[in-house]
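K.L.:
How does the following fold in three dimensions:
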Amino acid sequence: MICFPNAKINLGLNITSKRNDGYHEVETCMYPIPLFDALEIIVNNKKTNWTSSGLVIPGDPKDNLILKAYQLLKKDFTNLPQISIHLHKNIPMGAGLGGGSADAAFALNLMNNLFDLILDDFFLEEYAAEIGSDCPFFIENTPKIAKGRGEILEKISLNLKGERIILINPGIHIGTKEAYAGVTPSPPKSKLKEVLADKTRWKNELVNDFEASIFNNHPEIKEIKDKLYENGAYYASMSGSGSSVFGLFENSPKKIEWDKNYFVFEALL
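P.N.:
From the prediction side, this is the model:
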């Protein structure tokens, strides 16, 4: 069985407070975009194994979130068979796009269907929350306001269909430690849902709290955002903790020249 996990972007990202468990309280809107990995899972009667192609995935394969998803299900459904997993990786990693979280969440959905587990979305989101903060979003995979550490989700009526997105990843790794070191948690100045309802407010009020310090440390990321605005984006922002930056356009922009080493993605939403 094959599925195609997609990336997400963040429309606004406020770090509102520090929690006692070491995490931070956030408020953001996550929106799915048509940038895909490809994931195949089939029954293997011998031994569970993992292979990948496309972008090189760093780290020990045993730590992969898809395998973690399988192990979580197998803990409760002990009769699950062994499986073979193949992931073709296309979504840049560590880029603020949620690719790893999407792979794990889509794996949960896929195995739910493959093995007739009949788990509804609520239970799948519970499993996903054990894997990572962004994972529950990808179970329903529709625009949501995310709060808590990202796992408390609220549906929002937001439709960007027909608009164009240009997304640039310059290949700069932004570690979690660096991202949070430059942020002083505070309540947002504007109510996120109210700002999202009025696109004329997005440029000035839909803020990603990570940007200020990361732009200071990596000016080339800010240059990407500025270039998107210069070429007609009505809104541009870093996604998550970066380093990907996206621009939204109501009309097709003129062709923009980017550094040949950048990952460039352009599509209609």
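K.L.:
what's the domain layout of this structure?
P.N.:
Domain assignment for the chain by automatic domain parsing gives 2-155, 164-268.
K.L.:
want to try JSON lines for those, with mean pLDDT and mean neighbour count as columns?
P.N.:
C-beta: built from backbone N, CA, C; applies to glycine. Putting the domains of the chain into JSON lines (pLDDT from 0 to 100; neighbours: other C-beta atoms under 10 Å) gives the following:
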{"stretch": "domain 2-155", "mean pLDDT": "94", "mean neighbour count": "18"}
{"stretch": "domain 164-268", "mean pLDDT": "93", "mean neighbour count": "17"}
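K.L.:
Tell me the secondary structure at Ile57.
P.N.:
Put simply, Ile57 is coil when judged by DSSP: H, G, I helix; E, B strand; the rest coil.
K.L.:
My understanding was that it contacts Ile91; is that so?
P.N.:
No - judged on C-beta atoms under 8 Å, Ile57 makes no contact with Ile91 at a distance of 10.9 Å.
K.L.:
in the stretch 101-250 of the chain, which spans are strands?
P.N.:
144-147, 152-155, 164-169, 235-238, 245-249 (DSSP state E, counting those that start in this stretch).
K.L.:
of all those, which lies closest to Leu35?
P.N.:
strand 164-169 (7.0 Å; C-beta to C-beta).
K.L.:
give me phi/psi at Pro32?
P.N.:
Here is the backbone geometry of Pro32 (degrees, to the nearest 10): phi -70, psi 140.
K.L.:
which residues touch it?
P.N.:
Pro32 makes contact with Asn6, Ala7, Lys8, Phe138, Asn141, Thr142, Pro143 under the criterion C-beta atoms under 8 Å, 6 or more residues apart in numbering.
K.L.:
got it, and Asn217?
P.N.:
Contacts of Asn217 (C-beta under 8 Å, 6+ apart): Glu178, Gly182.
K.L.:
Quick check: it vs Ile174, distance?
P.N.:
Applying C-beta to C-beta, to the nearest Å, the value for Asn217 to Ile174 is 9 Å.
K.L.:
what do you get for Asp63?
P.N.:
20 Å.
K.L.:
Please enumerate the helices of this protein.
P.N.:
All helices of the chain, identified by DSSP state H, fall at 65-76, 99-114, 121-131, 137-140, 176-181, 192-196, 202-205, 211-217, 219-230.
K.L.:
Could you dump these into TSV with distance to Lys47 added?
P.N.:
As requested, these are exported to TSV (distance: least, C-beta to C-beta, whole Å):
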stretch	distance to Lys47
helix 65-76	13
helix 99-114	17
helix 121-131	22
helix 137-140	28
helix 176-181	33
helix 192-196	47
helix 202-205	50
helix 211-217	42
helix 219-230	43
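K.L.:
These: which one's closest to Ile2?
P.N.:
helix 99-114 (8.2 Å).
K.L.:
what helices or strands is the closest one leaning on?
P.N.:
Taking 3 or more C-beta pairs under 8 Å, 6 or more residues apart in numbering; DSSP states H and E as contact, the helices and strands that helix 99-114 lies on are strand 2-3, strand 6-18, strand 38-43, helix 65-76, strand 83-89, helix 121-131, helix 137-140.
K.L.:
swap the cut-off to 7 Å and go again
P.N.:
On a contact count with 3 or more C-beta pairs under 7 Å, 6 or more residues apart in numbering; DSSP states H and E, helix 99-114 meets strand 6-18, strand 38-43, helix 65-76, helix 121-131, helix 137-140.
K.L.:
The ones you listed: which one's closest to Pro170?
P.N.:
When those are compared by C-beta to C-beta, strand 6-18 sits nearest Pro170, at 16.0 Å.
K.L.:
residues in contact with Trp258?
P.N.:
Trp258 makes contact with Ile168, Val264 under the criterion C-beta atoms under 7 Å, 6 or more residues apart in numbering.
K.L.:
again, 10 Å this time
P.N.:
Trp258 makes contact with Ile166, Ile168, Pro170, Ile224, Lys227, Val264, according to C-beta atoms under 10 Å, 6 or more residues apart in numbering.
K.L.:
now Ala128
P.N.:
65, 69, 72, 101, 104-105, 107-109, 121, 134-139, 151.
K.L.:
Look up which residues are beta-bridged to Phe265.
P.N.:
Here Phe265 sits in beta bridges with Leu167, as judged by DSSP bridges.
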